Structure formats: structure tokens, C-alpha cells
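1. coords below, sequence missing:
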């Protein structure tokens, strides 16, 4: 075989394709025989040309696994000996590396079984050889063996680390230093032991030296390896970097600032800064690196890049991602430096810097939203000025920034609509299509959160948008439709005059079938659904069938985005039609099932670089495809499928919600899909599955609360549990109550999976990652339990009280105390008498919050103090004086918030109802009546007016001394469209009692009322 195999190897390397194909077929046949192993070993050692020796090694690597167990001990010894000789005596570096790869495969089977005891001693000896080639190949082998027999190295880990550090500092050979760097990367990737990984901290100076030397020599790939090592260290939960973080940041900033380097190298450097901001943000803060990083990143936003290159590698885009990540993780340290950069750059003569000025503000608007809301005037001054800039790129950046503001600076940004909307309207007529497109995006985002404020602008807006829809290229038509959708949603019924014309136009888009037009068709489908929501069932139901037919037909066009938007359209239609949607279920539910069951379309790239010099020799496959796994280089996901799955999952939930029992035939399959999607790898799909499962399963919610690592998903699970309690009562959750309480306790203790943050010791309390939305959702569980369980909630509340009160500490942000007080108020309201046991602990906090600078806190505190007095028993009497003193300022003109005043009135009413003898009514009632009727919080109406009526019906002398004020209040209440018939009936009974007491003496008071009020009150007068 040996002679014929040699000829075939030579033939395979010929340029003649036919000859190569023939050789490949015969080699494949010969390779099935175990004797191919000694034959290949012979050619690896004796073939005259390096190419043949290398090819023999590559084939040996592919076939050795399948034949190793069949070889005699003598042949196995021959293979091992020949490989060692090839590594130590071979002159060709590619052949040495190919032989090293074979060693790695053989070692995978021979070392664990004790068949190659001298391999590791040989490698240690080789790594200290005087010959550069030996040291290099030993390190290459250490790298590759880590992947196959890494556990074998564990007893030698200390020696290995010392060896690697020594080789990193090799004074004579750059090749050895680079090989050592690669070996360090392999070991760090392999080990997950915190103690082992921490020891690599001392390697960082040497890694940086090797990287700088390689960059100076033009070898950028080595620096990329260093960045991959830093990446592993940063992502490790161990506190690895220590003081070295400064050196890593300095080196990364040097690399990303150097325009002479390749885009990929610079991008890797920028990525390290991004990872540090994400995983070790406290380290950046501790070592005062935030400002130095921004001093490099912000100017990078202004770097001109070649638009032909991969945009994902463009320095300006990568720098924007870093600034965004820093803003999310270190908002209070980011806002001021970026605002300063933006202010200075907005005055620059260089348009790229003026563009960067607006871009930087747009980029930080998510993370720094709270700080930006406080500085909206100067921020808007910069961006609206940029929107008028003579340079297109600057105006485009300003439009982008406005869109970001509209998304993240709600609701404060909407209050500036009078200055913002006219600027956007002007930008819609910009000469640049890019500026127009971004302006449509900004308009869409801005209008989403508007209500009646949009009405004065509705006509000019729709005039421009309809004109653009007629005359613009496809990409602008798409964003224009998105803007119209936001306008329709904001305008609601006021959009009706424009609906018919827009819907007629949409018909032309809903028949498009060319690939390049399908995105526009998707937007049109979405827009029809939004308009349907705005104008309502009565107008839409008769004209919907052709739109639904067009939407269903779009599924056959194999375009994921169109299917995604179609599911959204069906969801909207189900919401407005309710039972009218039942007729469409047989047509649309299977489409949703189809999307939910789609293959994710993951794409995995495999690294076969070992064979790259062997002319793509792929005909002879490895015998061990499963066990001999190549390194996964990249995983990519088709995100369009994820969006489609999320939309389809949401649709199933809405179909079930709105068609109720008629959805029964589809429940079993829906449950299988939703249960599966609740554990989906992507949070968007999990979120929609959790929402849709609301009425079906509790186990999934509990698992999500305790194990999911995404706060938004966990928050939605908590809200869904609370909804189940409200809708179906305690019986729906009784079997799960113990698990639910434990899960709630874990969340209050901030120990759930989604609340785990970096473990650096230097995070201070003020910077602890804390998610207001999550904790609000968690705190809503307690009132939901209390409402469904009443006084039976007491033993559970006893477990949760102390963890809840932790959020009321003075060191906590105001929104935490808001959450606690609101939660306590609702629990006091619904748990009833058992709240008495907590009055002394809670009352000091609530009294303090009555004087809070935040209106929401004052409002919640007023409500809470009233409920404590109502259900807290005699233990509250000692606080009555302090409570009245705390409430008094809330009745005065200095209180700007009507809802606060209404809740203060509610608190006083509750106090009077339970202990009227403890209230100085002659002092309290005039102040109390002066703030009535209630202006905003009509949930307090029943308690307030019941209190007044009770006093009147009991002929209390203090209330009867205020009859003129009473009549005026009663008249406004019965004439108010905001008050319920029950409230008006209560007031009517009290008024009738006054008539019975005073008769004709009431007439002058009635004559002084406005006619509408007098007539409304007259309806409650006793009929003669």
C-alpha cells in the first residue's frame, strides 16, 4: 500500500483537476483499511517534498480515530514515535503543525488510558529546548491538547502557568512568545475554575508586551489573540483584572485610536472597552477610567470611515455602542462628559464633529434618560439646532437623536411638542432622503406617546405624509407608513377623516409581490391594523374582509417580516372585533402555529483552518465527526425568525383572550407551543409566551421568576401572576402559594437569577444595579395576594414585611420608597385588621413621605395613612395629631398636584369615619370642604362623599354649620360626568336630608347655583 499511496498523494497535489479527482477516490477507498495508518506515518517521515508530508499528516488526523483501537501495540508505538520525531526533526513549519494536530487527536485516546505516559514529560522538555522550533511546537501542542485532554493537565497547572509565563517573556524568539500567547488563550478558555483563572492576572503585562511588539512588526493578528484573552478574563465572574485594568484600557485605547491599523483590530480593541463597561463597570469607575475612555470614544464618533467596509466594524459605529453600554451601566458618570463634548462639538467647523455632537446625545438617551430629562432644554437646543445645519450628515444625526429622545425620554419630551413637532415637520421636506427617513422615524417615535396634543398638527402632518406616500421611493414610503401609524394611534377617533383615504392607498401596497416590495407590504399590513384600532369596530368590521384576505395571501410569499407584521395585524383585529373574530380563527390560528414551529435557522461556521494549505482536501471525512469536534468559530441567528415567532406567540394569546371559549379547539396545541417558548433562548419570544400563557399555567411563571436572567421577562411574569389573582381569585393559585411566596421572597432579597450582577467588591450601594420596573412588578404581588386572600394573607405578609421594608431605607432612591408606601397602602386596604400589628413600624415612614418633594410619594403616603387609620385599630389614635399636621399642607395652595390633594381628602374622610370623636371637626371640616369636589383621583370619591353624607344624615352640628358650602359641593358632584351613579346617589340622599331639615330656607342657596348645577341637584330633591 505504501508505494501506491505515495503516488496517489503526489497525484492529488497536481494542478490537473481530473487527476486530483481520481486520486481522491482511490485514497478514500484505501483509507478504509487500518493499514493506511502505518503507510501515512511512513510518508509523513520519508516523503521528499513537504507538501506530501503535510498531506499525509492531514489524512492521518482525519482517519486515526477510526483505526486507533484496531492497531497493534507495536503499530501504536510506531505512530507515537514517528509523530514525536516529526515534531522535533521536521524542518517545515506547516508539517510540524500538521503533525502536532495528529498528536492532539491521538492523545485524546492514548493519554487517558495510560498508553502515552511520556507525552507530557516530552512536551515540558521540548518547551525548554534551546531550539526555537521545539519550544514553539510544544506550545502549539499545549494549545491543541487543552481542547482534547485538558483535564490531564490539572495536576500540572502550576508548572504549566510558570512555563507559559516564561515563554511569554522569551528573549530570543517572537514566534515562541506568540505561541505562548495562543496557549494562554487556550488554557483560559478551557478552565472555569476561579482560583486557576485568577493566576493569569500576572500574565497581563507580558501579554501586553507581546501584543505591542507584534503590532510594531505589523502582525495585528497577535493583538487580536490578546484581545480574545482579555475578553475571557472580563467575562469571568472572578475579579481577574485588578490594577491591570488600567493597562488593558490604555492599550485598547491606543489601538482603537490608531487609524493605520485594520478595522477588525481596532474593532476588537473597542469591543474590550465595551465588555468592560458591561461586565466590570465598577472597575472603570474605581480606576477613574470613565473620562479617559470617553475622551477617545466621543471623537471616534467623528471619524470618517470608508462606507464600503463592513459597517459593523466602522469605528464610529463601534464607539457609539461603547458609549451606549457605558450610559446604561454608568449613567451618572457618563452624562456630563458627553453633554460637554456635544456642546463643544456642536460649534465645530468640522461637520463630522457637529454630527457626532447630535449622535452622542442620541446614543446615551436610553441609559442617561433620567439625567437628560432634567436637562432637556439645553439638550434640545443642541439637537434642534443640528436639525437646521447646512450639512446633510448633521441633520440626519439630529433626526436620529430626536427619534431616540422620543423613545426614551417619555413623558417629559412630549411636553416640548410645540418646539419639536414644527422642526420635524420641516425636516420631512429635507432635500436628503436619508434625513427624511430618519425624520419619519423620529415623528413615529414622538407621536406614539402623544394624545390630544397632536390635534393642532394633525392636518399639516397628514398633508405631508399622504403627499410623501404618493411620491417617495419605497424605503421612504415604508418609514412614512410607520409615522402615519403613530399619528393614527395618537389621534384615535380624530383620525377618522383621514382613515378612508389611507386605507384606500394601502390596497395598492397589499397586492405587491416582488421581493423588493415586500417590506412595504408588511408596513402597509401593520398600518391597516393600527388604523382599525384607532377608528373602532363599528367603522372597520364591514370593510375588513378584503384586508384580511390580502393578509392571509401574503403568507405564501415566504418573507418573514411580512408574516411578523401580519400576526400583529391579526392581533389588532382580534382586539377590536372580539367575538366577531371567531369566524377567522380556522384561517389565522394555523398560520400562527406555522410561524411558532419554524426552524430557528441557526448558522454555525466551523474552523477547518488546519487544512487550508491542502487545496481544500474534503473528500476524505474524519472517522470521528461527533467526538473529534472542530472549533466553533461563529454562531449567527436569523433574527427575523425570532421576531416572527414573538409576534405569532403574542397573537395566540390575544386570539384566546378575545374569542374566549371559541378558542377551545386550539388550546392544546397552543399550550404545547407556549410552554416550549417560555424556555426559549431569546427573551423577546419568552416574554410573549409568558404573556400568552397568563390563563393557562402557573408552573411556568414560577420557573421564570426564579430562573430567568432577563428582568423584563421576570417583571412580566410577576404582573401576569398578579393578573391571575385579580381575575380568578386565590383559588387559581392556591396549589402554588408556597412556591410563589418563596419566589417573591427571593426577589425582594435581590437574589434571583435576573438580579445577579458583577461580583467586584467595590460596588457601592448607590450604584447597585436595581430595576424599578422589576421591583414595582414584584411589589404588586403583595396587594394582589391581599385582595384575593383578605385577612388570611397575614401569615404570608409577616414573611415578606422585613424584606419589603429594606427598600424604604433613606439610602434607597425615592422611587423605592414610593413602591413601598404604595404597596403598604394597598395591603392595609385589603388585608384589613391584621395591619394593626405593623402600624408603629410603618407610620413614621408614611408621615415622613407626606412631606416628600415627589408628588407620587405624597399621594401614596396620603392614601396609605388613611388606610392605616381605617384598618389599624386604636393603635393609630396616638398618631392622629401628627397625621393631621402632615396632611394640612396638602390642602393648601402650595400643593400643586390635584391628585395629592384628593388623596389627602380621602385620608381625612377615613379618619372621620372610624374615629369622628378624635377629629376637631370644627377646624378640619372647613379646610376639608374647601378642596372639594375632587379634581383628579375619583377612586377616592366614594369614601369622601360617604363621609360627608354620613355626617349630614346624622345631623352632625359641625357639618350643618357649613350648609352653603355643602350645597355647592353636592351640586358639582351630581353634575360631574366623572362621578359614578352610586356616588351621586349617596350625595342625593344627604341633600334630601338637608331639604327635610331646612325646607324653603334652601331656596336662596339653590338660586345662587349655575342653572346646570341647580337642575342636576333638583333631580335629587324630594318630590312634593
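-> Okay, I see it. Since we're looking at a predicted model, the values are computed, not measured.
2. where is the longest helix in the protein?
-> helix 639-659 (DSSP state H).
3. phi first, then psi, for residue 431.
-> When read as degrees, to the nearest 10, the backbone of residue 431 gives phi -70, psi -20.
4. show me what contacts it?
-> When contacts are counted by Cβ atoms under 8 Å, 6 or more residues apart in numbering, residue 431 touches residue 392. Where you see a C-beta, it was placed from the backbone N, CA and C, and this is true even at glycine.
5. right, and residue 205 touches residue 246 too?
-> No - contact criterion Cβ atoms under 8 Å: residue 205 and residue 246 do not qualify, at 11.4 Å.
6. the more surrounded of the two?
-> residue 246 (16 against 13; other Cβ atoms under 10 Å).
7. from residue 825, how far out is the more buried one?
-> With distances taken as Cβ to Cβ, to the nearest Å, residue 246 is found 49 Å from residue 825.
8. on that earlier part again, if you average pLDDT over the longest helix of the chain, what comes out?
-> Averaging pLDDT along helix 639-659 yields 81.
9. buried set for that helix?
-> Of all the residues in helix 639-659, those buried under the rule 16 or more other Cβ atoms under 10 Å are 641-659.
10. now whatever helix or strand comes next after that helix: how far from the chain's centre is it?
-> Note on helix 639-659: by DSSP states H and E, the next helix or strand toward the C-terminus is helix 667-677. Put simply, helix 667-677 sits 24 Å off its chain's centre (Cα atoms, centre = their mean, to the nearest Å).
11. quick one, helix 667-677 and helix 639-659 angle?
-> 140 degrees (axes from the mean of the first three to the mean of the last three Cα atoms, to 10 degrees).
12. what sits against residue 528?
-> So residue 528 contacts 503, 506, 510, 547, 551, 569 (Cβ under 8 Å, 6+ apart).
13. centre of the chain to the helix or strand harbouring it, how far?
-> Using DSSP H and E, residue 528 maps to helix 518-535. Taking Cα atoms, centre = their mean, one finds the center of helix 518-535 at 26 Å from the center of the full chain.
14. next, the buried residues of that helix.
-> Across helix 518-535, burial judged by 16+ other Cβ under 10 Å covers 518-535.
15. for the helix or strand just after that helix, buried residues please.
-> For helix 518-535, the succeeding helix or strand toward the C-terminus, using DSSP H and E, is helix 537-540. By neighbour count on 16+ other Cβ under 10 Å, the buried set for helix 537-540 is 537, 539-540.
16. one step back: just checking, what packs against the longest helix of the chain?
-> Packing partners of helix 639-659 (3 or more Cβ pairs under 8 Å, 6 or more residues apart in numbering; DSSP states H and E): helix 560-577, helix 585-596, helix 667-677, helix 683-692.
17. mean pLDDT and distance to residue 791 for the ones you listed - can I get that in CSV?
-> Shown next, in CSV, are those (pLDDT from 0 to 100; distance: least, Cβ to Cβ, whole Å):
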stretch, mean pLDDT, distance to residue 791
helix 560-577, 93, 38
helix 585-596, 91, 43
helix 667-677, 75, 35
helix 683-692, 69, 31
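18. make JSON lines out of these and add distance to residue 367 and mean neighbour count.
-> Formatted as JSON lines, those follow (distance: least, Cβ to Cβ, whole Å; neighbours: other Cβ atoms under 10 Å):
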{"stretch": "helix 560-577", "distance to residue 367": "28", "mean neighbour count": "24"}
{"stretch": "helix 585-596", "distance to residue 367": "33", "mean neighbour count": "19"}
{"stretch": "helix 667-677", "distance to residue 367": "29", "mean neighbour count": "17"}
{"stretch": "helix 683-692", "distance to residue 367": "18", "mean neighbour count": "24"}
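19. would TSV of those helices with distance to residue 298 be doable?
-> Below are the helices and strands packed on helix 639-659 laid out as TSV (distance: least, Cβ to Cβ, whole Å):
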stretch	distance to residue 298
helix 560-577	34
helix 585-596	42
helix 667-677	41
helix 683-692	30
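20. can you pull out the low-pLDDT segments for the stretch 51-200 of the chain?
-> Flagging of the stretch 51-200 of the chain using pLDDT under 70 yields the residue ranges 150, 188-200.
21. how about the helices in it?
-> Ranges of helices within the stretch 51-200 of the chain are 73-89, 93-110, 119-127, 132-149, 157-168, 174-190, 194-198, based on DSSP state H, counting those that start in this stretch.
22. just the stretch 901-1024 of the chain next, same as before
-> Going by DSSP H, counting those that start in this stretch, the stretch 901-1024 of the chain shows helices at 921-930, 941-953, 957-960, 963-975, 981-998, 1003-1007, 1011-1018.
23. turn those helices into JSON lines, columns for distance to residue 841.
-> Converted to JSON lines, these look like this (distance: least, Cβ to Cβ, whole Å):
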{"stretch": "helix 921-930", "distance to residue 841": "27"}
{"stretch": "helix 941-953", "distance to residue 841": "25"}
{"stretch": "helix 957-960", "distance to residue 841": "34"}
{"stretch": "helix 963-975", "distance to residue 841": "37"}
{"stretch": "helix 981-998", "distance to residue 841": "34"}
{"stretch": "helix 1003-1007", "distance to residue 841": "47"}
{"stretch": "helix 1011-1018", "distance to residue 841": "46"}
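24. between those, which gets nearest to residue 78?
-> helix 941-953 (95.0 Å; Cβ to Cβ).
25. what lies in contact with the closest one?
-> 866, 902, 905-906, 909-910, 912-913, 916, 921, 932, 934, 958-960, 966, 969, 973, 979-980, 982-983, 986-987, 989-990, 993-994.
26. buried subset of these?
-> Using 16+ other Cβ under 10 Å, the buried members of the contacts of helix 941-953 are 866, 902, 905-906, 909-910, 912-913, 921, 932, 934, 958-960, 966, 969, 973, 979, 983, 986-987, 990, 993-994.
27. ok and the longest helix of the chain relative to helix 585-596, angle-wise?
-> Using the same axes, to 10 degrees: helix 639-659 against helix 585-596 is 150 degrees.
28. returning to what we had before: quick one: closest of the helices of the stretch 901-1024 of the chain to residue 450.
-> helix 941-953 (28.9 Å).
29. how about that closest one: buried residues?
-> Quick answer for helix 941-953 (16+ other Cβ under 10 Å): 941-952.
30. again, but for stretch 253-267
-> Neighbour count says stretch 253-267 has 253, 255-257, 261, 263, 265-267 buried, by 16+ other Cβ under 10 Å.
31. relative to the whole chain's centre, how far out is it?
-> That offset, for stretch 253-267, works out to 29 Å (Cα atoms, centre = their mean).
32. what's the end-to-end length of it?
-> 11 Å (Cα to Cα, to the nearest Å).
33. start at 38, not 1
-> Taking 38 as the first residue, the last one we looked at is stretch 290-304.
34. in TSV, list the contacts of residue 565 along with distance to residue 836 and secondary structure.
-> Below are the contacts of residue 565 laid out as TSV (distance: Cβ to Cβ, whole Å; DSSP: H, G, I helix; E, B strand; the rest coil):
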residue	distance to residue 836	secondary structure
540	56	helix
543	55	helix
547	56	coil
584	53	helix
588	50	helix
606	46	helix
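35. tell me the one among the residues you listed nearest to residue 390.
-> Closest to residue 390, out of all of these and judged by Cβ to Cβ, is residue 543, at 42.3 Å.
36. thought that closest one was touching residue 563?
-> No - assessed by Cβ under 8 Å, residue 543 is found out of contact with residue 563, at 9.9 Å.
37. so what sits against both of these two?
-> Between them, residue 543 and residue 563 share no contacting residue under Cβ under 8 Å, 6+ apart.
38. quick check: residue 71 is in a helix.
-> No - counting by DSSP: H, G, I helix; E, B strand; the rest coil, residue 71 is not part of a helix but coil.
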